[in-house]
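In: dropping a prediction and its sequence here:
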Amino acid sequence: MNPRFAIAAGLAFATAGLCQSLPGAVSAPGSSLAHYERATHFIEELNLQAAANEFREALSGDLQPRWTEVWSHIYLGKIFDATYQHDRAVNEYQLALRTRDNTRGAFDEAKRALGIDSARLPSIPARLDDGMMVPDRIPVAEEEYSAEARLAGLEGTVMVTGTVADDGSMGNAKVATPLGFGLDEIATQKVRPWHFQPGTYLTGAKVNIPVDFLLPSKQSRWHLVRAEFHPEAQVTRPTFLSTKYPVGAGVGLSAIEEARIVAAVGRFASVILSFDVDEHGIPVHFNVNKASLEVWGPQAIELVSEWRFTPGMKYGMPVPVSCRLELVWGQRDLDPRALDRLNFFASAPSPPSVKAPPIVYKSEPSYTKEAREAGREGTVMVSLVVGEDGVPRNLYVVRPLGFGLDDKAIEAVAQWRFQPVLLNGRTVSVPTTVGVDFRLPK
């Protein structure tokens with residue numbers, strides 16, 4: 001029997017009746033328990049991907065009853081084991097242990113999965129030489145950030161893993177979950193001074209130490225939790241030059257109701273956004289790779305379209321470089337435990353590499369009388385889908401100018417034509433974003 005389906009079948013058996021036998025199991029729509037119950041249903045159908053998604057939703061919810069957190073981590077670990085992702089499975093089991101919740105023997109289950117006895121916890125309950133406790137997490141002060149990461153407003157957790165040596169030092173320390181932009185090196189430096197009590201049960205054990213990078217001075221509900229540039233060979237990557245994080249809600253009218261719901265339940269909205277940094281350092285050709293709800297994609301585009309970068313360079317000349325950002329919207333101060341539950345990003349596959357379609361015909365927009373009289377100038381950002389025939393569809397404005405120019409931008413782009421995009425030898429539809437410039441004659 002295929003090991004994957006053998007484990008999945010075992011999961012289905014193990015979850016049967018679990019909600020009925022655990023305390024407080026009364027589910028409400030959208031609650032952690034409701035997502036947990038759907039996850040166990042998907043396991044019974046051997047639909048592991050759907051089950052994993054529902055367990056993640058449970059972890060991002062109200063966490064009521066409390067045991068939904070520990071058991072969601074455990075079953076995510078089992079799903080990762082079933083799909084040959086051992087490192088990610090180990091991380092979920094360790095997160096389960098950190099909850100300190102032993103409802104229905106959850107600790108024993110996590111430890112069995114890790115292959116350790118009750119005395120060898122892989123979390124961090126060890127002591128330092130001076131008798132102090134090693135923290136569950138190591139915080140990094142804002143002034144210790146690298147300059148670019150602080151400018152970018154990058155937040156998140158770097159996981160440093162290693163093995164406790166005989167003298168209590170952490171040997172073979174390496175970064176298991178990186179953030180980049182100089183933060184990985186800082187995290188390793190923060191871990192290096194810690195020494196465990198020699199001769200304890202942790203000697204020889206593998207440990208994971210989370211190092212948290214948070215920016216409490218950034219008074220915005222928007223948070224950048226990962227950034228990646230993908231320059232071609234011989235091309236230097238762009239660097240962050242300026243970012244604007246709005247205070248207050250930081251969302252438009254189209255998302256305000258959803259934002260109120262997200263804020264009320266203490267959850268995060270999440271978006272994975274890709275675009276090109278052009279030769280002038282301006283983000284163009286936006287594509288929403290994934291979003292917790294469709295409404296958040298345009299909100300993220302509007303945020304990032306105001307950012308600026310130093311462009312990538314090749315042989316001394318600026319060139320476009322693709323970028324991928326992962327953003328969340330929610331509470332102003334990110335909670336480290338909430339960061340642990342942002343599995344949305346780690347599990348999202350990178351989209352196929354598809355370049356923005358070239359424009360083969362472009363009509364210029366016309367001014368409105370009111371915009372001309374007001375001297376209004378600027379750029380309207382329009383989101384659209386380029387069809388397999390190169391015709392734009394599903395047009396809507398993501399960054400308006402007003403004075404009737406938004407409608408004029410839509411009218412103009414509707415007449416544009418693009419070169420059809422080929423992927424694996426076939427024409428495909430491609431979402432993108434274009435800018436329509438309005439400039440008055442001098």
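Out: Looks like it arrived, so ask away.

In: do you know how far residue 326 is from residue 53?
Out: 17 Å (Cβ to Cβ, to the nearest Å). The way it works is simple: take the backbone N, C-alpha and C, and place the C-beta from them, glycine included.

In: check residue 322 too.
Out: Distance of residue 322 to residue 53, computed by Cβ to Cβ: 27 Å.

In: one step back: tell me which of residue 326 and residue 53 has more neighbours.
Out: Legend: neighbour count by other Cβ atoms under 10 Å for residue 326 and residue 53, higher for residue 326 (23 against 18).

In: so that one is in which element?
Out: Following DSSP states H and E, one finds residue 326 within strand 321-329.

In: and residue 408, by the same measure?
Out: With DSSP H and E as the criterion, the answer for residue 408 is helix 405-414.

In: give me the nearest residue to residue 402, chain neighbours excluded.
Out: In space, residue 402 comes closest to residue 376 once its chain neighbours are excluded; the distance is 7.3 Å by Cβ to Cβ, 6 or more residues apart in numbering.

In: let me fix that: residue 295
Out: Excluding the flanking residues, the one nearest residue 295 by Cβ to Cβ, 6+ apart is residue 255, at 4.8 Å.

In: now do that neighbour against residue 148, distance only.
Out: 29 Å.

In: quick one: which of those two has more around it?
Out: The neighbour comparison of residue 255 against residue 148 (other Cβ under 10 Å) goes to residue 255, with 21 against 16.

In: which SS state does that one fall under?
Out: helix (DSSP: H, G, I helix; E, B strand; the rest coil).

In: how about the one 5 residues further on?
Out: Secondary structure assignment for residue 260 (three-state DSSP): helix.

In: quick one: contacts for it?
Out: For residue 260, no contacting residues are found, by Cβ atoms under 8 Å, 6 or more residues apart in numbering.

In: quick one: low-confidence ranges for the stretch 51-200 of the chain?
Out: Applying pLDDT under 70 to the stretch 51-200 of the chain flags residues 82-84, 115-136, 196-200.

In: ok, which stretches of it are strands?
Out: With DSSP state E, counting those that start in this stretch applied, the stretch 51-200 of the chain shows strands at 138-140, 156-164, 170-177, listed in chain order.

In: same check on the stretch 251-400 of the chain?
Out: In the stretch 251-400 of the chain, the strands defined using DSSP E, counting those that start in this stretch lie at 269-277, 283-291, 308-310, 312-314, 317-319, 321-329, 359-361, 378-386, 392-399.

In: residue 182 is nearest to which of these?
Out: Residue 182 sits nearest to strand 308-310 of all the strands of the stretch 251-400 of the chain, at 15.9 Å, using Cβ to Cβ.

In: and the closest one, what's buried?
Out: Buried residues in strand 308-310, counted by 16 or more other Cβ atoms under 10 Å: 308-309.

In: tell me how many other residues crowd the nearest residue to residue 410 once chain neighbours are set aside.
Out: Nearest residue to residue 410, sequence neighbours excluded (Cβ to Cβ, 6+ apart): residue 395, at 5.3 Å. Residues lying near residue 395 (other Cβ under 10 Å) number 16.

In: which residues does residue 395 contact?
Out: Residue 395 neighbours (Cβ under 8 Å, 6+ apart): 382-384, 410, 413-414.

In: then residue 176?
Out: Contacts of residue 176 by Cβ under 8 Å, 6+ apart are 87, 159-161, 208.
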